[in-house]
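Q: mind looking at a prediction? Sequence and model below.
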Amino acid sequence: MEDILKKIEDLALSHDHISPELIKEKNIKPGLRNADGSGVVVGITSKGIVLGYDKKKNKDGTFTVIPREGKLLYCGYDVANLIEKIHGENRFGTDEVTYLLLTGELPNRHDLQRFTEAMAKRRALTKLERSVLMQEAENYNQMYALHSVISHLSRCDKNPDSTNIRDISKQCINIIAKLPTIVAYNYNVMQYRNGSSLSIIKPDPDLSTAENFLYMMKGKKPTEFEAYLFDLMMILHIEHGGGNNSTFTVRTVSSSGANTYMAICSGISSLSGHLHGGANEAVMKMMKDLKSKVKDWKDDDEITNYLAKVLDKKAHDKTGKIYGMGHAVYTLSDPRAILLREKAKQYAEIKGTTEEFALFEKVAELSQRLFMERKGQPIAPNVDYYSGYVYKLMGIPMDIFTPIFAMARVIGWSAHRIEQIVQGKLIRPAYVSSLSTELEYVPLNDRE
């Protein structure tokens with residue numbers, strides 16, 4: 001068996017690798033990226049817009065990418081401004097932003113109250129939903145368990161395959177409301193199966209989404225600072241345009257006519273990949289390795305030497321990546337990271353971990369300097385650089401960093417699913433052949 005597996009592996013590596021010359025010759029856009037790194041425009045959306053650079057058209061018809069400060073818009077509203085205004089009124093914003101993305105408009109006071117009440121009623125799991133969770137939550141991997149539970153929630157829906165917008169909206173709202181409960185329960189059931197006491201806390205209809213999740217996870221209500229901080233993190237992760245890998249996956253699957261549960265499961269599948277959803281976990285692992293190798297956290301030279309080894313694939317996981325630094329779209333800054341950095345600093349002061357936070361700041365600063373020296377390009381910390389650190393301070397286990405991402409991003413997935421169904425176009429990009437000629441069939445007995 002091993003010999004044929006080895007041959008299959010070797011043949012796959014031989015035939016599936018595509019040379020840069022062939023890509024250039026056929027004008028292919030691998031990863032749906034242009035040669036300058038920007039994304040190929042394949043659709044249109046009113047949901048999220050990510051701004052990280054400007055384009056200047058040259059005389060020869062080509063474009064030059066010009067870095068700019070990052071900005072993130074939800075349905076035309078600046079996210080930073082949304083959070084500032086909502087929190088400035090001493091209100092939690094997750095439900096309001098959810099309504100905005102699903103409908104395209106900010107709710108008035110009456111509609112927001114009705115929507116918040118509807119969400120609160122849907123957070124608790126039915127007996128059948130709880131039984132599904134107990135059956136499927138044995139998996140040690142929380143993303144695998146989450147995928148299983150969501151796929152089986154279709155059993156709790158009398159009409160799971162409906163493509164009526166009202167039915168789809170109802171399904172999406174149900175999943176959005178229940179996902180924080182499912183994530184908390186999944187983790188607690190896994191802990192129980194590993195020998196801990198079983199802690200299943202029902203969601204409190206008087207608490208916000210952020211408050212409820214932390215309450216169900218930890219068994220006690222969070223402080224006001226923690227609740228607003230988690231609400232901020234939820235809002236920052238809710239949406240990031242139609243081109244991010246998981247959202248594009250949900251739109252692609254939705255375009256085929258697949259039902260809501262399968263479409264959302266496809267987003268979870270995409271998010272489980274380490275290049276998309278696990279970045280904050282990767283940051284924390286990198287920082288743990290750095291702490292073990294760097295003796296003086298205040299020594300710029302020692303830290304820079306470590307980071308240089310990381311880039312040279314000689315340190316940490318030898319991938320050549322400084323996790324949490326840089327982004328596919330943002331260049332000079334990630335607006336989400338700017339907001340989260342300020343709150344992380346305040347939280348570090350509350351928790352008495354300012355020395356560790358100073359190390360994060362130092363690593364970000366020196367990474368930026370190193371990239372500019374080596375590649376001549378600006379780079380900035382992204383939201384994942386700080387989110388794992390904040391979760392750690394909250395006492396949230398690393399196992400559910402990515403499920404938390406999913407329970408926020410499912411709101412954006414739902415908004416894009418509805419939009420894709422309304423637009424009604426099957427997504428079907430083209431691939432060209434890497435083979436130069438048609439091959440002749442060789443009879444089996446004549447093959448070597």
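A: Thanks, I have the structure now. Numbers count the residues shown, from 1 in each chain.
Q: from here on, contacts and neighbour counts on C-alpha atoms
A: Will do.
Q: give me the longest strand you can find in the protein.
A: Ranked by residue count under DSSP state E, the longest strand found in the chain is strand 63-74.
Q: so which elements touch the helix or strand following that strand?
A: Heading C-terminal from strand 63-74, the first helix or strand you meet, by DSSP states H and E, is strand 77-78. Helices and strands touching strand 77-78, as assessed by 3 or more Cα pairs under 8 Å, 6 or more residues apart in numbering; DSSP states H and E, are absent.
Q: average model confidence for strand 77-78?
A: Model confidence over strand 77-78, given as mean pLDDT, is 97.
Q: please apply the same query to stretch 7-16.
A: The average pLDDT within stretch 7-16 is 78.
Q: next one: stretch 328-340
A: Averaging pLDDT along stretch 328-340 gives 95.
Q: tell me the buried residues in it?
A: Neighbour counts over stretch 328-340 (16 or more other Cα atoms under 10 Å) mark 329-340 as buried.
Q: the residues you listed in helices, which ones?
A: Applying DSSP state H to these, the entries found in helices are 335-340.
Q: grab the longest helix from this structure for me.
A: When the chain is parsed with DSSP H, its longest helix is helix 165-193.
Q: any buried residues in that helix, and which?
A: Buried residues in helix 165-193, counted by 16+ other Cα under 10 Å: 168-169, 171-191.
Q: re earlier: okay, the ones in helices among the buried residues of stretch 328-340 in JSON lines with distance to L311 next?
A: JSON lines is the format used below for those (distance: Cα to Cα, whole Å):
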{"residue": "P335", "distance to L311": "25"}
{"residue": "R336", "distance to L311": "25"}
{"residue": "A337", "distance to L311": "22"}
{"residue": "I338", "distance to L311": "24"}
{"residue": "L339", "distance to L311": "27"}
{"residue": "L340", "distance to L311": "26"}
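Q: burial of N108, as a residue count?
A: When neighbours are defined as other Cα atoms under 10 Å, N108 has 9 of them.
Q: for it, give me phi and psi.
A: For N108, the backbone dihedrals (degrees, to the nearest 10) come out as phi -80, psi 180.
Q: how's the chain carved up into domains?
A: With domains defined by automatic domain parsing, the chain comprises 72-273+400-423, 279-394.
Q: highest average neighbour count across those domains?
A: Ranked by mean neighbour count, those are led by domain 72-273+400-423 with a mean of 20 (mean count of other Cα atoms under 10 Å).
Q: where does pLDDT dip in the protein?
A: Counting by pLDDT under 70, the ranges of the chain that qualify are 136-139.
Q: any idea which helix or strand carries the residue nearest the centre of it?
A: In the chain, the residue lying closest to the centroid (Cα atoms, centre = their mean) is G277, at 4.5 Å. If you go by DSSP H and E, G277 is not part of any helix or strand.
Q: so how far is F248 from the nearest residue to it once chain neighbours are set aside?
A: Once flanking residues are discounted, G277 sits nearest to L271: 4.5 Å by Cα to Cα, 6 or more residues apart in numbering. Plainly put, L271 is 11 Å away from F248 if you go by Cα to Cα, to the nearest Å.
Q: who's in contact with K362?
A: The contact partners of K362, taken as Cα atoms under 8 Å, 6 or more residues apart in numbering, are 298, 300.
Q: which element is it on?
A: Under the criterion of DSSP H and E, K362 resides in helix 354-375.
Q: how far off centre is that helix?
A: Chain-centre distance of helix 354-375: 23 Å, with Cα atoms, centre = their mean, to the nearest Å.
Q: before we move on, what about stretch 22-39?
A: Relative to the centre of its chain, stretch 22-39 is centred 24 Å away, using Cα atoms, centre = their mean.
Q: which residue is the nearest non-sequential neighbour of C172?
A: S414 (5.7 Å).
Q: which strands or helices does the helix or strand hosting the one you found pack on?
A: Using DSSP H and E, S414 falls within helix 401-423. Applying 3+ Cα pairs under 8 Å, 6+ apart, one finds that helix 401-423 contacts helix 94-103, helix 142-152, helix 165-193, helix 224-237, helix 245-255, helix 260-271.
Q: quick one: L11 is in a strand?
A: No: L11: not assigned to a strand; according to DSSP: H, G, I helix; E, B strand; the rest coil it is helix.
Q: roughly how far does it sit from I396?
A: 44 Å.
Q: just G52 next, same as before
A: Distance from G52 to I396, by Cα to Cα: 31 Å.
Q: more neighbours, L11 and I396?
A: I396 (17 against 11).
Q: now the domains of the chain in JSON lines, with distance to K6?
A: Output for these, formatted as JSON lines (distance: least, Cα to Cα, whole Å):
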{"stretch": "domain 72-273+400-423", "distance to K6": "25"}
{"stretch": "domain 279-394", "distance to K6": "24"}
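Q: which of those sits closest to V65?
A: Of all the domains of the chain, domain 279-394 sits nearest to V65, with 10.0 Å by Cα to Cα.
Q: work out the gap between that closest one and the centre of the chain.
A: Its chain's C-alpha centre and that of domain 279-394 lie 18 Å apart, by Cα atoms, centre = their mean.
Q: what's the closest residue to T304 other than its chain neighbours in contact with, if anything?
A: Closest residue to T304 apart from its sequence neighbours, by Cα to Cα, 6+ apart: L366 at 6.3 Å. For L366, the residues meeting the contact criterion (Cα under 8 Å, 6+ apart) are 300, 303-304.
Q: gap between L366 and K221?
A: Distance, L366 to K221, by Cα to Cα: 38 Å.
Q: swap in N212?
A: 8 Å.
Q: I'd say M143 and S270 touch.
A: No: if you go by Cα atoms under 8 Å, M143 and S270 don't touch, sitting 10.3 Å apart.
Q: list the contacts for the residue lying closest to E96 once chain neighbours are set aside?
A: In space, and not counting its chain neighbours, E96 is closest to L112: 6.5 Å by Cα to Cα, 6+ apart. Contact analysis of L112 by Cα under 8 Å, 6+ apart lists 95-96, 99.
Q: any idea how far L112 lies from L100?
A: Computed as Cα to Cα, the L112 to L100 distance reads 10 Å.
Q: before we move on, what about P381?
A: Counting by Cα to Cα, the gap between P381 and L100 amounts to 28 Å.
Q: phi, psi of L51?
A: Residue torsions, per degrees, to the nearest 10, at L51 are phi -110, psi 120.
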